[in-house]
Structure formats: C-alpha cells, structure tokens
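# Curious how this folds, go ahead:
(chains A and B)
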Amino acid sequence: MIGIKLQGFNVIILILSGIVIAYIAYPLVTILIFVEPSKLLDSISRPQLIDAIVLSLASATISTLLLSLFGIPFAYFLARYNNFPGKFLLRIIVIIPLVLPPLASGALLLGVFGPYSPVVQAFPEVEFTQSALGVIIAQTYVASPFMILASQAAFDSVDESYEKVARVLGKSRFDTFFKISLPLAKTGIVIGFIISWVRAVGELGATMMMAYNPHTISIQIFEDNAIGGLRKAIPDIMLALVLSIVAIIVFYIITSKRRPQRQDVTMNPK
Amino acid sequence: MVGLSLVNLTKKFLGFSLGPLNLKVDDGEILVMIGPTGSGKTTVLNLISGLLKPDSGSILVDEIDITTLPVESRKIGYTFQNPSLFPHLNVYDNIVFGLTKKSRSREDSDLEIKKLLEDLGISHLTDRYIDGLSGGEMQKVSLARMLVTKPKIMLMDEPLAHLDTLTKRKLRLELRRVLRRQGVPTIYVTHFEDDVYGLADSVSVLQNGVIEHTARLESILKYQDNLSSPFLSNIISSGGGNYLEGNVVKSKDGVTTFKIGSHLLETLGDYSIGCKVGILVRPEDIILSKEMVKTSARNIVKAKVAKVSTKNAGIVDIHLIIDTFHIISRITEEARTDLQIMEDDYLFAIFKASSPQVVREEQYH
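Below is the predicted model of the structure:
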C-alpha cells in the first residue's frame, strides 16, 4: 500500500517507527478522555488563562525579536570569523542555556537580576523579577541557543564567494550583509526565529525562578494541574497544543520553500 | 598607456611565499597568466582586487596607488571559476546589482545594459532565475554583471574551466571580442593552452609565487623553440605550436576558407569574410606524404623540412616551412624511417578541414 516490501529490515524499521509514533501521539489522544466539551469553552475563556496566553505570546515575541537583534549579528560573527583565540570557549558559552536545567538557568539569572545584585542596585526602579520583564529575561536566556545556532548554520551554508563578489561589485560590508548574506540565510534564520519563539512560549523552569507572577501559559498549566488536577489543566493544554500545531505548520511551509543556494556550472549543460 | 602596475608586491602564507612581483598591463591588453596549481595565480588576483592585503609593495591603476583602498572602492571587475550568481535574484537583478541607485535611474544606463545583454546574447534571460541557466549562460551573466559597473581593471580566474569544449570555444571567441571593446587591462588566469592562444596579447608565467617569464604572444610563438620557461614551453608545445593567423576569404555552408600567405586553407564553421582568425592545428592531425595524393582531406600544402627533433621515445616532430609560416607534424619514428624524411626534403602536409580550431576571431576596424 505504501510501496514498502514487508521483509526483514523493513519490518523492523516499521515496528520501531510505529512505537515512536504511538509514544508521541498517544498522550494527545488520552487527553481527549479528560475533555468535557460543555465546560471547555468556559474554561478556555477564563480571564486568567487569556492573560497567561497573551503574556506568553507577547513576551515570547519580544524575547525572539531581542534575540534576532543581537543573536543574528553574533551568529554571523561565529560563522565568518573562524580564527580567533577563545572561539571554542565562545561556542560552549552559547550552548550552556541549552544543556543547563532550566531551573538552574533561572537561578543563574536571579544571581544577576535578583535582589541585592549590582544590576538591581544600579536600576532600583526597574522590576527585574516577578514582572513581565522577568519573563522576557528568562525566555531570552533559554531560547538564545536556538536562534544563534540556527542562524550560524544558515550563514555557514551561504557560500562566502557571494559576499566576495558583492564586495568586488562595489558594495560595502553593510550592503553585502543586508543584500546578500541575510537574504541567502533567511530560511535558516526564520527557522531559528520560530524554534526560539516556540521555546520561549513553552519556557517554565527559568521563568518560575525569575517571575512566577504574572503567569505565563506554562506556569498556568503547572498551577492548574497542581490545584485541580489534569482536568483543570486540560483547557490550557488544548490552547498550547493549537499554538504548537500552528507553529509546526508555519515551520513546514517555510522549510518547503527553500531555494537552492549553490551553483555548479557543470550542472546544467545545454 | 600602462593601466595596471604591480610593484614589488609580496604576500606570505603558511609555507607559501608570493613575489616580489613586478608586472605591467597596458590599457586594452589581455594578459593571460599561466602556471601550475598552487603557483599563486588566484592570490595575485585577490591581492589586486583587495580581497587579500599584500605584505608589501604597491598596486597602481592609471598611476594611482590603490593598495590600501577597500575592495568596494577599487572599481575592479572580477569573475571566478564559479560564476557565483546570487541565487535569490533574477538575471536582471544580478546584472544591475553592482550599480548604484543613481546610475540605475539614468536612461542611458538602461540602454547600455540592453545593448550589453544583446551583445552577449542573453537579453531573453533577464526575467529568469539562475538555477535554470546553463553553465555558459551563467558565465555570460557573470560577465555582464562585471561589465555594467565599467571596471577599470578586469580579473578573470579560469571562468571557462568547467564548461564543455564547444561552449568554451564559443564563449572564448566572444570574450576576447568583448574584452577588446572594453579597452581596460585584463588579467586572465588559466592553465589551458587554448586560452593562451585564444585570448592572450601577452603571457605571464607564474611558478612558485614568482613570475618566471612575461612576453607578448607573437614573441613567444616566434621563439617557441628557445623559451626560458619550461612550463610555458610545455604549454605551447602541447597546444601544438601550430598557431596560424589568416584572413577569411569565403564562408559558406559551414565551411570557411582562410588565406595565409598564398595558401588557401579550410576549416569548419562560419566566420565573417574579411575578419582575421587565429587557428590551432594539432601536430598529430598533420599527415605527411612524399607525393601529391588524391584524398578527402581539404588542406594540402607543399612544405620544406626545416628540422627533425625527437619528442619522446618513438615520436618525432617534423618542423615544416611553408612560405611565410611554419608548422609541426608529429609522427612516429617508424613512419619517419619509412618515408626517409630528412632535413631540406620537400613533403606534402595534409590535414582535414575539421582539424583546425578557430580560437580567435577579430574584425578589422
């Protein structure tokens, strides 16, 4: 039916693939058991949940925009300037928020933005913790590797000869970056943007440390589940699920539109 | 007038040292730079373009020192082996990429671009994206992109290297015509002998980062038996040394007759009557006969044996004088013994019309 012969190797692959799919999809199915359609709409339209989702979307968007502003130039730097001492150390630093437990990341951020820290003493009127700003700080920190690494990979895939040609054709470094490097790396950067945004929306651990209040969607799910069990958290989860599916669809639309980026003059003899 | 001068230019890498280089290329001159892989040819172009900074020395364009100018301010046209057309832009946007907004908005600029595209035969491609173009079309677009910026110097790094033989031959003929019209100094890097014959006004040989020999092509061909550079000697002899120049007197049905001295020779292809063509004939293609024979070959000329030299074991070069020009026939030692070929003998040199390759075509002005 799907053009695969059911023999030896293929059977093993299909069984293992089936287990993986079942493992990922089954929780999505079981959740429906807990859904009470009559109460779902009321639960979803709770002001608390609406506030949480608005905060998550807004803070994740701001975090990702901040990451774009600072992360994309940094990713370009990592991709193009290969030979300097300490490059390996820099790469490790970039990856740390990815491998560190999010709660530990939050604790580290508290060291910088918590009470008595030099930053807070320098700006006493700014609420760095237990505020929307705290949420943004936490999300930006944990999502940063996704933006930087995806953008770096995108710049790595752009043949440097395009930039050389642009320079020789009279374009400045700025023009070359904005007219050649950035457009050619666009797909990878957009993917990095989406993954960072999704990561920021789903962030929990570091955000709990920095700003338990106001609630983001993740904290709302955590709290509703803690107070009222899974049934109370279901509307929050359903909403998060819809958001995730939209993000996945956008991701696939963008990745399927990739244009070839390299030419080989021997490829198309006419 | 000297358009480009390199004065004591040096550059050191790990394990490689270039220079000191001294080189002059006149306005309108095409200097073909040859040398083995790793001899530093591309480095020379990168230094001139500003993509690399020299350790010492100067680069002068029209006697103005540009050594410290940034790449974008040098007004240099540079084409690479890979045409590196921008994949996110269509052909037209690629071509006008190097123009400023001001120059793009000028009406005469539009006309110039249109004329250039027509000249290169790519006007029909302007709306296309580059991933559908052939290798030859890509190189033409790359050339157009370079030419519209009106560079003061042109640098070309084996732009024809990856093309098939037929496209390469056609494009080379067009390239020389276009470069001559631009009238600016050009350095063309290659290691193909056909590029030397087809494009060069002068030839420079780079070996291990040092210029070993620089001379006009006529001089190289004239003194090809006594060249000081073994690399150049090898290139010239692998091209056969049989480079002939003649005038087209007739061209019909894909066969062109050209005149050298008092001889009429035939080659395949259509060329404009009156134009001057440069032709290569491989020594291996020239058959020798002691007597006039009736044959299907279209080119038969009587020649005097000037010299017989052993090329390799079992192979000899027979140097022949035919009125005002000379050619070499490469035959086996056994064939020479059979025919009893000696110096000062008279022979008939025979080759088919399909044998000569036109590598250069120039209109009289």
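# which residues does the residue nearest to B:Gly50 when sequence neighbours are not counted contact?
Leaving aside its sequence neighbours, B:Gly50 sits nearest to B:Val71 (CB to CB, 6 or more residues apart in numbering or on different chains; 3.8 Å). Heads up, the C-betas are built off the backbone N, CA and C, glycines and all. For B:Val71, the contacting residues are A:Arg167, A:Val168, B:Ser49, B:Gly50, B:Leu51, by CB atoms under 8 Å, 6 or more residues apart in numbering or on different chains.
# how far away is the residue of the stretch 101-250 of chain A found nearest chain B from B:Thr149?
Relative to chain B, the nearest point of the stretch 101-250 of chain A is A:Leu169 (3.3 Å; CB to the nearest CB). Using CB to CB, to the nearest Å, one gets 6 Å for the distance from A:Leu169 to B:Thr149.
# higher neighbour count, these two?
More neighbours surround A:Leu169 than the other of A:Leu169 and B:Thr149, with 25 against 20 (other CB atoms under 10 Å in any protein chain shown).
# how about low-confidence regions in the stretch 1-150 of chain B?
Applying pLDDT under 70 to the stretch 1-150 of chain B flags the ranges B:1-2, B:103-107.
# The residue of the stretch 101-250 of chain A closest to chain B and B:Arg145 touch, don't they?
Yes: with contact defined as CB atoms under 8 Å, A:Leu169 counts as touching B:Arg145 (7.0 Å).
# The stretch 201-350 of chain B: helices as residue ranges?
B:217-222, B:230-238, B:333-339 (DSSP state H, counting those that start in this stretch).
# closest one to chain A among those?
The nearest among these, by CB to the nearest CB, is helix B:230-238 at 23.1 Å.
# which other helices and strands contact the closest one?
Other elements packing on helix B:230-238 under the criterion 3 or more CB pairs under 8 Å, 6 or more residues apart in numbering or on different chains; DSSP states H and E are strand B:30-34, helix B:193-199, strand B:202-207, strand B:210-216, helix B:217-222.
# Give me the below-cutoff pLDDT ranges for chain A.
Applying pLDDT under 70 to chain A flags residues A:1-4, A:257-270.
# mind redoing it with 80?
Across chain A, residues meeting the criterion (pLDDT under 80) sit at A:1-6, A:32-43, A:82-83, A:251, A:254-270.
# helix, strand or coil for the spatially most central residue of it?
Centroid-nearest residue in chain A, with CA atoms, centre = their mean: A:Ser196, separated by 1.9 Å. Of the three states, A:Ser196 takes helix under DSSP: H, G, I helix; E, B strand; the rest coil.
# Go ahead and confirm it touches A:Thr64.
Yes: using CB under 8 Å, A:Ser196 is in contact with A:Thr64, at 4.9 Å.
# Now do the shared contacts for the two.
Residues touching both A:Ser196 and A:Thr64 by CB under 8 Å, 6+ apart: A:Ala143, A:Met147.
# now the helices for the stretch 1-150 of chain B?
Secondary structure of the stretch 1-150 of chain B by DSSP H, counting those that start in this stretch: the helices cover B:41-49, B:91-95, B:101-105, B:107-120, B:135-147.
# so which of the ones you listed gets nearest chain A?
From the helices of the stretch 1-150 of chain B, taking CB to the nearest CB, the stretch that ends up closest is helix B:135-147, at 3.8 Å.
# The closest one and chain A, any residue contact?
Yes: counting by CB under 8 Å from any CB of the partner chain, chain A has neighbours in helix B:135-147: B:Gly135, B:Gly136, B:Glu137, B:Met138, B:Gln139, B:Arg145, B:Met146.
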